[in-house]
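Undergrad: below are the sequence and a predicted model for it; my questions follow.
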Amino acid sequence: MKVDKTPLDGVLLITPPTIFEDFRGQYVEIYNRVLYNEAGIAVDFIQDDISMSTRHVLRGIHGDGGTWKLVSCLHGKFYLVVVNNDPDSPQYRKWTSFTLSERNRQQVLIPPKFGNGHVVLSDSAIFHYKQNTQYDRAGQFTILWNDPSYDFWWPINDPIVSRRDQGIE
């Protein structure tokens with residue numbers, strides 16, 4: 001298992017503990033509580049969620065004040081943006097990005113008060129995340145993916161987005 005710091009404090013890039021590939025396919029251990037705790041990631045994850053999307057679908061940027069997320073790509077490839085939304089942080093409104101895929105098997109640990117959004121780069125993708133709280137849409141914040149004050153860079157110009165991510169609802 002490899003854990004790397006990123007430009008945003010508290011956001012970690014993780015290579016899972018076991019990735020094995022041979023002529024039959026691939027085996028990946030995407031979470032092991034003991035090994036993650038030994039690596040300093042002592043989050044009590046209680047819920048797993050996935051979203052399945054097609055090429056150029058953009059989801060997010062969403063977050064809340066109490067949820068840790070461990071994000072990975074089970075299938076396909078997507079570009080992930082993570083934003084610090086903590087007004088008390090010196091890195092407030094700073095963002096970074098990652099490309100996660102079924103090939104690199106990397107994960108991103110996202111702390112509370114950070115938002116995340118992703119856009120699918122392959123024909124389809126399965127976005128997986130573990131979280132330490134129950135999902136509560138009413139408690140979430142949304143940052144528009146194209147808010148010019150953040151100067152986000154996305155690998156496509158015209159994504160498919162929900163009404164919520166257009167700022168309509």
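TA: Arrived safely, thanks for sending.

Undergrad: tell me how far the closest residue to Thr99 other than its chain neighbours lies from Arg55.
TA: In this structure, Thr99 finds its nearest non-sequential neighbour in Tyr79, 5.5 Å apart by CB to CB, 6 or more residues apart in numbering. From N, CA and C alone the C-beta is placed, and that goes for glycine too. For Tyr79, the distance to Arg55 equals 12 Å [CB to CB, to the nearest Å].

Undergrad: roughly how far apart are the residue sitting nearest the centre point of the chain and Lys130?
TA: Central residue of the chain (CA atoms, centre = their mean): Val71, 4.3 Å from the mean position. Per CB to CB, Val71 is found 8 Å from Lys130.

Undergrad: picking that back up, and the residue nearest to the centre of the chain, that's in a strand?
TA: Yes: the assignment for Val71 by DSSP: H, G, I helix; E, B strand; the rest coil puts it in a strand.

Undergrad: verify the stated contact: it with Gln106.
TA: No: here Val71 does not reach Gln106: they are 9.4 Å apart, not a contact under CB atoms under 8 Å.

Undergrad: mind listing the shared neighbours of the two?
TA: Here Val71 and Gln106 have Leu100 as joint contacts, going by CB atoms under 8 Å, 6 or more residues apart in numbering.

Undergrad: quick one on the thing from earlier: find the residues that touch each one of Tyr79 and Arg55.
TA: Shared contacts of Tyr79 and Arg55, defined by CB under 8 Å, 6+ apart, comprise Leu121.

Undergrad: and the strands in the protein?
TA: Remark: strands assigned in the chain by DSSP state E are 2-5, 12-15, 18-22, 25-29, 47-54, 58-63, 69-75, 77-84, 95-101, 107-110, 114-120, 124-131, 141-142.

Undergrad: in CSV: those strands, plus distance to Gln166 and mean pLDDT.
TA: Rendered in CSV, the data for the strands of the chain read as follows (distance: least, CB to CB, whole Å; pLDDT from 0 to 100):
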stretch, distance to Gln166, mean pLDDT
strand 2-5, 34, 97
strand 12-15, 30, 98
strand 18-22, 37, 92
strand 25-29, 35, 93
strand 47-54, 16, 97
strand 58-63, 10, 95
strand 69-75, 23, 98
strand 77-84, 16, 98
strand 95-101, 19, 98
strand 107-110, 23, 98
strand 114-120, 13, 98
strand 124-131, 19, 98
strand 141-142, 10, 96
